[in-house]
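> Sequence and predicted model, in that order:
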Number of protein chains: 2
Amino acid sequence: MEYIRIPRGTRDLIKNEALLHEYLIEEFKKTARLNGFKPIVTPTIEFFELFARKSGEEIKRSMYVFKDKAGRLLALRPEVTASVIRAYLRSLRGEPKPIMLYYVAQCFRYEEPQRGRYREFWQGGLEVIGDRDVDADLRVVSTATEYLDTIGIRHYYIVGNVGLYRIFMKSLGVNEDDQDHILHLIDKKFIDKAFKYSEKVNPVLKDVLRDLLSMNLNQLNELIGKYTKIVENKVDALEEEIKRTIDFIDMLNEIGINAIYDPGLVRGLAYYNSIIYEIKTQKLDISIGGGGRYDNLTMVYGGPSEYSTGMALGLDRIILILKKAPIIVEPGINVLVIVLDKGRDMYKIGFDIMKKLHRYGLRATIMGVRKISKALSYASRAGYTHAVIIGSREYEKRIVTIKNLVSKKQVSIPYGEEIGSIIEEYMGENW
Amino acid sequence: MEYIRIPRGTRDLIKNEALLHEYLIEEFKKTARLNGFKPIVTPTIEFFELFARKSGEEIKRSMYVFKDKAGRLLALRPEVTASVIRAYLRSLRGEPKPIMLYYVAQCFRYEEPQRGRYREFWQGGLEVIGDRDVDADLRVVSTATEYLDTIGIRHYYIVGNVGLYRIFMKSLGVNEDDQDHILHLIDKKFIDKAFKYSEKVNPVLKDVLRDLLSMNLNQLNELIGKYTKIVENKVDALEEEIKRTIDFIDMLNEIGINAIYDPGLVRGLAYYNSIIYEIKTQKLDISIGGGGRYDNLTMVYGGPSEYSTGMALGLDRIILILKKAPIIVEPGINVLVIVLDKGRDMYKIGFDIMKKLHRYGLRATIMGVRKISKALSYASRAGYTHAVIIGSREYEKRIVTIKNLVSKKQVSIPYGEEIGSIIEEYMGENW
């Protein structure tokens, strides 16, 4: 039978996958809060202009764009950083800096779906606004790693610096559109295309790009000597970016976080201007997250200059990894409180027991049924571990029957006995 | 200065409002899980057809509709129940019944924004599929009430039964479109319009509607006698609906949940077929939630007949109420670990202390700074309660300085002392 389908690249999360999704979100929020980040929730729909200005050509092409009834061009957010900066300009400029924010939000990109790539996907992100120091980048990354460690994802960082590319290209007089396009080609690993394109733009550019793409961290300072004439008044800026990259990687390794320099890393978002990084695992060939500095994105939206850095994790990709190594997200006791005959007094007793179990943090569901056998069969199939039965026999004698659905042990005890002792005695491990 | 604006009817949730939002979502999920509901996450974008089939004319008119690049008509979900039923048909039919699901999701309706009404708004919902018994409705409502009690929202239920209207109209040969339109008018409290329209449809209909709109719960059975000829072979169905409504209200009151019958309640969603209800508070003149039975919505999507019931709470409206009576969602200790000079060893010590504090469940942020005074001023303004300071003096002496930012007390202790005792001694209430 043909039911209504689901749009391509979207999916339903159900059963274990939904539990994992919830668990990943809750742990992310908890870790972010523990590290001093505050929540922000921005709209799913924004004006198209917000993302069109500086998100990069690939994202711009793959946005879900539509008009509202008043004819204004709207878009489903392809990412959240632009919204956070907009919200900062609108409402958070008076807050003490650095401002540390986190979000969990679904994003939308109209791309060809692949393993780990969906048209609607979930991101957990961290942003720090108003802190120029590499310390801010470390704070973001160490929070992300604390989260990934908590949920058991072994990972490492590859680090690049798109600022080096930008400074050289700017010095060579390459305009911003050409810069963005060349970086886009490098990001997509179309290195030959990038070289070809750069030859047309500037005769020296290809050599510079070749050096930037091949030099390791310790060689970077040689770049300044080699291209002194080109970089001229940008030497300080270059030195600062090189130092920042070295500091960042060294400090990460110092505090036990694996990070290596990847000269070819440039990332797809056009607003990055300095350190950038991606998070890798052995389990997936695509990154599970990434981020970097995007100082002065505020100015793209008409605001004053401001420092900013941040990152986002792809929660759907993390689910893919955790599904391979199933983790138990919902352990323990799960009680079905079965009320037979639905006599009102009996239901009230059942309801009372259920609420008390909840107060002890135990899962418990109430069910009024006609046949005890059907209820018990449901309880076993649906994963309940215990049943509390209130039938007419029980009601007359003022007792309840407790049944362990795994060991099949059963006992009847007077109703009204302290629920805590019942849990300890009959819902513990030994009964 | 004119920054990029935010689309009308949407908003940023920041600071206390964002914390409240997170808290409301987390508590909702916790309560749903305690009651045996399982999470489901459906796409934000669905095919337009899914909602167009049976969501009601008002919602249909106010949907965000757009085409994807392949020309298929998509919509931003105006509500989640249709998606849940679609997901059930697609993937959950083999699960033991009743299937109990919960979701938290933003929905979209292009309506005139008003107090408590946004174009993008958040719903927390509960659904039970495969349970014909009123017990399922009670389970949904008692879970919602347990949640509202937890977060401190005094509330009551108004209960109606749209099935009574439907049975009478069907008996009178009123087609489904006319039924939907008349119910829509009643929902909008355009009673005179509903009467006028019904006169055109069927001469007896107006009298029936007038009776349905005015009779209280105990009078409902009189309806059957009065209109015996009309309802003919529908008497059993009518009796069942009346009994279900009485049972539902009585049982709710029995277990301490306030519920009253409201004959004029019909609700705006066209898929309801029996008991319906809304949740009211003294603090807002609009409902904070609502729900009811929607048996056989499965058939609208080409599936087999199936029982279903559910409800959704408007989280944005609950925020409005809680904002008036501010609740503390983020209490307690909040530590800024200040590392001066950013010596790598010092940063490592700071990082180590921060991680240990997190393990004790305490919020702690690390910050590498040049000037202690600036860091302390930031700490106070940003709401930190304690500072742990690691400067060069401290580093040389292998000590750390702990400062209570409220009492201004300060102490230096050897680094490496057990963090638990530090927390107890210097971050407790007495110091």
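Perfect, thanks for sending it. As the structure is a computational prediction, the values presented were derived from the model and not from experiment.
> Kindly provide the distance from A:Ala259 to chain B.
When distances are taken as Cβ to the nearest Cβ, to the nearest Å, A:Ala259 and chain B turn out to be 14 Å apart. In this view, the C-beta of every residue, glycine as well, is placed from N, C-alpha and C.
> In three-state terms, how would the closest residue to chain B within the stretch 301-431 of chain A be classified?
Scanning the stretch 301-431 of chain A for the residue nearest chain B gives A:Thr365, at 3.1 Å (criterion: Cβ to the nearest Cβ). Using DSSP: H, G, I helix; E, B strand; the rest coil as the criterion, the local structure at A:Thr365 reads strand.
> so who does it touch?
Listed by Cβ atoms under 8 Å, 6 or more residues apart in numbering or on different chains, the contact set of A:Thr365 reads A:Val335, A:Leu336, A:Val337, A:Met354, A:Tyr384, B:Asn35, B:Gly36, B:Met100, B:Arg139.
> Excluding chain neighbours, what is closest to the first one?
On the basis of Cβ to Cβ, 6 or more residues apart in numbering or on different chains, the spatially nearest residue to A:Val335 that is not a chain neighbour turns out to be A:Ala364, at 4.1 Å.
> List the residues that contact that neighbour.
Residues in contact with A:Ala364, defined by Cβ under 8 Å, 6+ apart, are A:Asn334, A:Val335, A:Leu336, A:Val337, A:Ile353, A:Met354, A:Leu357, A:His358, A:Val388, B:Leu34, B:Asn35, B:Gly36.
> Show me which residues of the helix or strand where A:Glu146 lies are buried.
Here A:Glu146 is covered by helix A:134-150, with elements defined by DSSP states H and E. Under the neighbour-count criterion of 16 or more other Cβ atoms under 10 Å in any protein chain shown, helix A:134-150 has A:134-148 buried.
> So for stretch A:163-180, first residue to last residue, what's the gap.
Counting by Cα to Cα, to the nearest Å, the length from the leading to the trailing residue of stretch A:163-180 is 12 Å.
> quick one: contacts of it?
Here stretch A:163-180 makes contact (Cβ under 8 Å, 6+ apart) with A:56-57, A:182-183, A:186, A:197, A:201-202, A:204-205, A:208-209, A:212, A:220, A:223, A:227, A:230-232, A:234, A:237-238, A:241-242, A:266, A:270, A:273-275, A:293.
> Which of those residues fall in strands?
Using DSSP state E to define strands, the subset of those located there is A:Ile275, A:Arg293.
> Buried ones among the contacts of stretch A:163-180?
Buried members of the contacts of stretch A:163-180, counted by 16+ other Cβ under 10 Å: A:56, A:182-183, A:186, A:197, A:201-202, A:204-205, A:208-209, A:212, A:220, A:223, A:227, A:230-231, A:234, A:237-238, A:241-242, A:266, A:270, A:273-275, A:293.
> JSON lines for the contacts of A:Thr365, including distance to A:Gln282?
Formatted as JSON lines, the contacts of A:Thr365 follow (distance: Cβ to Cβ, whole Å):
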{"residue": "A:Val335", "distance to A:Gln282": "40"}
{"residue": "A:Leu336", "distance to A:Gln282": "42"}
{"residue": "A:Val337", "distance to A:Gln282": "46"}
{"residue": "A:Met354", "distance to A:Gln282": "45"}
{"residue": "A:Tyr384", "distance to A:Gln282": "38"}
{"residue": "B:Asn35", "distance to A:Gln282": "39"}
{"residue": "B:Gly36", "distance to A:Gln282": "37"}
{"residue": "B:Met100", "distance to A:Gln282": "38"}
{"residue": "B:Arg139", "distance to A:Gln282": "44"}
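> picking that back up, show me which of the buried residues of helix A:134-150 is closest to B:Gly314.
Proximity of the buried residues of helix A:134-150 to B:Gly314 (Cβ to Cβ) peaks at A:Tyr147, which lies at 30.6 Å.
> The closest one contacts A:Glu27, correct?
Yes: taking Cβ atoms under 8 Å as the contact criterion, A:Tyr147 and A:Glu27 are neighbours in contact, 6.5 Å apart.
> Got the domain ranges for chain A?
Under the assignment automatic domain parsing, the domains of chain A span A:2-322, A:334-426.
> What's the local residue count around A:Arg398?
A count of neighbours around A:Arg398, defined by other Cβ atoms under 10 Å in any protein chain shown, yields 10.
> Using just helix, strand and coil, how would you label A:Leu19?
Secondary structure of A:Leu19, reduced to three states by three-state DSSP: helix.
> Also the one 5 residues further on?
Reducing the assignment to helix, strand or coil with three-state DSSP, the entry for A:Leu24 is helix.
> What separation is there between A:Lys397 and A:Ile366?
Counting by Cβ to Cβ, to the nearest Å, the gap from A:Lys397 to A:Ile366 is 20 Å.
> wait, I meant A:Ile413
19 Å.
> Looking at these two, which one has more neighbours?
A:Ile366 (27 against 15).
> Could you give the bridge partners of that one?
Beta-bridge pairing of A:Ile366, defined through DSSP bridges, involves A:Val337.
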